[in-house]
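K.L.:
Okay, predicted coordinates and the sequence, questions at the end:
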Amino acid sequence: MTLTTAPLPNITEPAPTPSAAPKARAAGDFTDRLLDIKDVTAKTRISRSKIYQMMSEGLFPRAISVSVQMVRWRESTIDGWVQNLEARANQH
């Protein structure tokens, strides 16, 4: 029996840039990326400690527990939170 494997991706290529506006997702669409804290801090430009502080105050979306020591955020949830901040800022 011969096993074949897929070629590894070239990690020296730059990551694709996200589009200006996130695409709307239908309910039950599980193509949503799960972001770790490093992704969330990079996307929001908010520090890790501030994110957890804001979560405890109810000002930032709660993380999803993936396992005992691992949490993730849905990308669409973070994108929606940012859009909501922008909308509130534009009201003033």
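P.N.:
Nice, I can see it. Numbers count the residues shown, from 1 in each chain.
K.L.:
contacting residues around I37?
P.N.:
I37 makes contact with R48, I51, V71, according to Cβ atoms under 8 Å, 6 or more residues apart in numbering. Bear in mind the C-beta positions are built from the backbone N, C-alpha and C, glycine included.
K.L.:
Narrow these to those in helices?
P.N.:
R48, I51 (DSSP state H).
K.L.:
who wins for most neighbours among the contacts of I37?
P.N.:
I51 (19 neighbours; other Cβ atoms under 10 Å).
K.L.:
who's in contact with it?
P.N.:
I37, V40, T41, T44, F60.
K.L.:
what about the longest helix in the chain?
P.N.:
Per DSSP H, the chain has its longest helix at helix 75-91.
K.L.:
outside of the helix or strand bottoming out on mean pLDDT in the chain, which residues touch it?
P.N.:
Sorted by mean pLDDT, DSSP states H and E, the helices and strands of the chain end with helix 75-91, the least confident at a mean of 93. For helix 75-91, the external contacting residues (Cβ under 8 Å, 6+ apart) are P22, R25, D32, R33, L34, L35, V40, K43, T44, F60, P61.
K.L.:
What average pLDDT does stretch 49-63 get?
P.N.:
Predicted confidence along stretch 49-63 averages 97 (mean pLDDT).
K.L.:
And it, what's buried?
P.N.:
Within stretch 49-63, the residues that count as buried by 16 or more other Cβ atoms under 10 Å are I51, F60, P61, A63.
K.L.:
That's all I had, so thanks and see you.
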